[in-house]
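S.K.: Quick one, structure for this:
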Amino acid sequence: MRKNPLVVLFLIFLVAITAAFFIYPKSFGAKFMPWRLGLDLIGGSHLVYSVDLSQVSGGERDSVLNGLRDVIERRVNLFGVSEPQVFIAKSAGQDQLIVELAGITDVAQAIKEIGATPLLDFREVEVSGSSTEFIRTNLTGRYITGAQLTFDPNTQAPQVSISFSDDGGKIFEMMTEKNVGKPLAIFLDNQLIEMPTVQEKISGGQAVITGRFTLDDAKKLVERFNAGALPAPVTLISQQTVSPTLGSDSLKKAALAGIVGTLLVMVFMIAYYRMFGVYAAFALLIYILLTLAAFKLIPITLTLAGLAGFILTIGMAVDANILIFERMKEEIKKGLSRTTAIEEGFRRAWPSIRDSNTSTIITAIILYYFTSSFVKGFALTLLIGVLISMFSAITTTRLFLHIFVRDKKIPVTTSPKS
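M.R.: Predicted structure coming up:
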């Protein structure tokens, strides 16, 4: 970089210009990689489900809730919803599943598909005279790892073969051993679908569901099991549709806030630091283009919280420049040349830049891993923004200073001849 600063700066400008075309919504970049915007920016649907954990022991609740979230997320992805947000929340002591479907305003099919995800459970059967009692067990769809369509070798009737996890296989083995010679009921969404008699203890974690299936019914059942059987029942309790117009208005306001904030920062830097501020302003523009391109390439689903994190980094991006410029001014006052002051300014300011950005990075990582999805968007854009801002300050601004700042020529004076 020191040997060919002009070449490096040219490459950075080239990348920045390419990024500008890539991120512009109506440019070539939109054709093969459109922006991913969240529910609050393009509208969509917000669904709230209550989760029934009455049949789950206290120690297993977190595991069941996490499994439920993963199952619903896979299920929503299967029917083509882009970037669904699925997370668990608590309200008035009630566990809830939140599903956000960005860009989907007609959610009837989505609700149908989510509700159709099967809740499978096995129940022991107690026959007492003319009455039959079904006793729930802890063997449910949460232990299913896969399913496939098979055919009865004798009748060629379609049937569904299920594979259990290791824990599920052990539970199933103990259950069949306990109920040899007795019926074992299989319920799907609280509907009895089969009640075969256990002939012997079944080991190996494999089971077969037979019934009066048509071929299409069996195929659909396999698809749903492979998408994941729900580990606990859910009930839709709230549905809210966010208007695309409202989302578009929020996006325009966020974009306006970003533009105004950027201009104010640039005006301040130029007014206070003069020519140095101009270099910082150009570096800031390059930072914005590179950061937005990174958001699109990763890709990140932008929400209002995510945009807030990005806009915050615009102000933070010039913090490093301010530290460097102030250090440079101090070195120049000490009598150092401008080029030497630049090197000293960067060298002495680097520990402060490193430590302040490291603390922000640690905070962003903690927010990302230990908070809800709404805050995660803010944390992720903040993290990426801080990383790129360090590159912008240390590399781009430094190149500008090395190329365009020169030491003042000292006029040579001669003593008058005596």
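
S.K.: Look up the pLDDT of R75 for me, please.
M.R.: R75 carries a pLDDT value of 68.

S.K.: again but with I193, I slipped
M.R.: According to the prediction, I193 has pLDDT 75.

S.K.: The one 10 residues further on now?
M.R.: For S203, the model assigns a pLDDT of 88.

S.K.: which ones are touching it?
M.R.: Contact analysis of S203 by CB atoms under 8 Å, 6 or more residues apart in numbering lists 169, 173. (C-beta placed from N, C-alpha, C; glycine too.)

S.K.: any idea how far it is from E177?
M.R.: The gap separating S203 from E177 is 9 Å, by CB to CB, to the nearest Å.

S.K.: Could you do T150 as well?
M.R.: Here T150 is placed at a distance of 24 Å from E177 (CB to CB).

S.K.: any idea which helix or strand comes after the helix or strand bottoming out on mean pLDDT in the chain?
M.R.: The least trusted helix or strand in the chain, going by mean pLDDT, DSSP states H and E, turns out to be helix 29-32, with a mean of 63. Sequence order places helix 39-42 as the next helix or strand after helix 29-32, per DSSP states H and E.

S.K.: Need the residues that contact that next one.
M.R.: 45-46, 85, 100-103, 242, 244, 247-248, 250-251, 254, 302-304, 307.

S.K.: Could you rerun that using 7 Å?
M.R.: 46, 85, 100, 102-103, 242, 244, 247, 250-251, 302-304 (CB atoms under 7 Å, 6 or more residues apart in numbering).

S.K.: chain center to that helix, what's the gap?
M.R.: Taking CA atoms, centre = their mean, to the nearest Å, one finds helix 39-42 lying 15 Å from the centre of the chain it belongs to.

S.K.: Could you check the pLDDT of T150?
M.R.: In this model, T150 is scored at 91, pLDDT.

S.K.: For it, name its beta-bridge partners.
M.R.: Beta-bridge partners recorded for T150 (DSSP bridges): Q159.

S.K.: what number of residues lie near it?
M.R.: 16 (other CB atoms under 10 Å).

S.K.: Distance check, it against F187.
M.R.: Applying CB to CB, the value for T150 to F187 is 21 Å.

S.K.: if we can go back for a sec, need the buried ones from the contacts of helix 39-42 selected in ChimeraX.
M.R.: Buried subset of those, written as a ChimeraX selection, criterion 16 or more other CB atoms under 10 Å:
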select :46,85,100,102,103,242,247,250,251,302,303,304
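
S.K.: Inside strands: which ones of the contacts of helix 39-42?
M.R.: Secondary structure from DSSP state E places 46, 85, 100, 102, 242 of these in strands.

S.K.: now those as CSV including distance to I286?
M.R.: Converted to CSV, the ones in strands among the contacts of helix 39-42 look like this (distance: CB to CB, whole Å):
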residue, distance to I286
H46, 37
Q85, 32
E100, 34
A102, 30
V242, 34
